[in-house]
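Asks: Pasting the sequence and the predicted coordinates here, then a few questions.
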Amino acid sequence: MNLYLFDKELRQLIFKAIQDIEISLRTKMIQVFSMEHGAFWFMDSSLFKNAEFYEGCLDNIKKEVSRSNEDFIKEHSEKYNYPALPPVWKTLEVVSFGTLSKLFCLFKDNRLKKQVAREFGLPQYTYLESWIRCITVLRNCCAHHARIWNRRFALKPQLPNRLPLNWITPSQKPIKLYHQLCTLLYLEQTIKPCMDLKSSLLKLFAKYSNVDLHAMGFPQGWENEPLWR
């Protein structure tokens, strides 16, 4: 029963933290990409790689917008009938984190992607691509109430040996939750305000002290890593 309750509370904390990351990613993408490519860049197929995946992503965006009950979407549709979708600062407000991550990964302009990644303290956009793919899977697990505390994840985040902000020394294959949590904590350092996931996790671990953190992938001496101090 304690494990069940621990897992439930853990999912809730993670889900809240991912919401902060989602809002931040969306805001940065809209700002950086739109300044270079205009308000409807997400509808320009020439800006994306893999035409088939992009078309599937655009179809998802259209469906999500059509299902939206947001007043700003309804008012836009009543006032304008061209282009087919509202500008990016309205459209991306109603798309899922999964769709948002696909848009970022499919976007061709690596210079702008690197600019977004640097705002998260990541020197390479490929790190951000890897991390948001993993976060999407983690978010879906939390949203569907799946057990996560000792889950093995098929999708593993890229773990650089050093980063500009507080980070860890990668010590194991990143198949467990520990390394997923580390990516969330790292990104959270660049988001203000945020929920302070680290403090919440440490309180949760103290509350359920019988939970085996090693089964979550926590290595020996994890509490001494700069990211967790």
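Replies: Arrived safely, thanks for sending.

Asks: for the longest helix seen in the chain, packing partners?
Replies: Longest helix of the chain, by residue count under DSSP state H: helix 2-37. In this structure, helix 2-37 makes packing contacts with helix 88-91, helix 97-106, helix 110-119, helix 125-143, helix 177-188, helix 197-207, judged by 3 or more C-beta pairs under 8 Å, 6 or more residues apart in numbering; DSSP states H and E. Every C-beta, even on glycine, is put in place using the N, C-alpha and C of the backbone.

Asks: Give me whichever of those is most buried.
Replies: When the helices and strands packed on helix 2-37 are scored by mean count of other C-beta atoms under 10 Å, the highest mean neighbour count falls to helix 177-188 (a mean of 23).

Asks: And the average pLDDT for that helix is what?
Replies: Helix 177-188 shows an average pLDDT of 97 in the prediction.

Asks: Repeat that for stretch 220-229.
Replies: Stretch 220-229 shows a mean pLDDT of 95 in the predicted model.

Asks: First-to-last residue distance for that stretch?
Replies: From the first residue to the last, stretch 220-229 extends over 14 Å; the measure is C-alpha to C-alpha, to the nearest Å.

Asks: how about low-confidence regions in the chain?
Replies: Nowhere does the chain drop to pLDDT under 70.

Asks: and the residue of it most remote from its centre, how far is that from Lys90?
Replies: Counting by C-alpha atoms, centre = their mean, the extreme residue of the chain relative to its mean C-alpha position is Lys79, 32.9 Å from that point. Computed with C-beta to C-beta, to the nearest Å, the distance linking Lys79 and Lys90 is 12 Å.

Asks: what about Phe120, distance to Lys90?
Replies: Applying C-beta to C-beta to Phe120 and Lys90 gives a distance of 24 Å.

Asks: got the helices and strands packed on helix 2-37 as JSON lines, with distance to Trp149 columns?
Replies: Supplementary listing: the helices and strands packed on helix 2-37 in JSON lines, determined by distance: least, C-beta to C-beta, whole Å:
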{"stretch": "helix 88-91", "distance to Trp149": "36"}
{"stretch": "helix 97-106", "distance to Trp149": "21"}
{"stretch": "helix 110-119", "distance to Trp149": "29"}
{"stretch": "helix 125-143", "distance to Trp149": "11"}
{"stretch": "helix 177-188", "distance to Trp149": "7"}
{"stretch": "helix 197-207", "distance to Trp149": "10"}
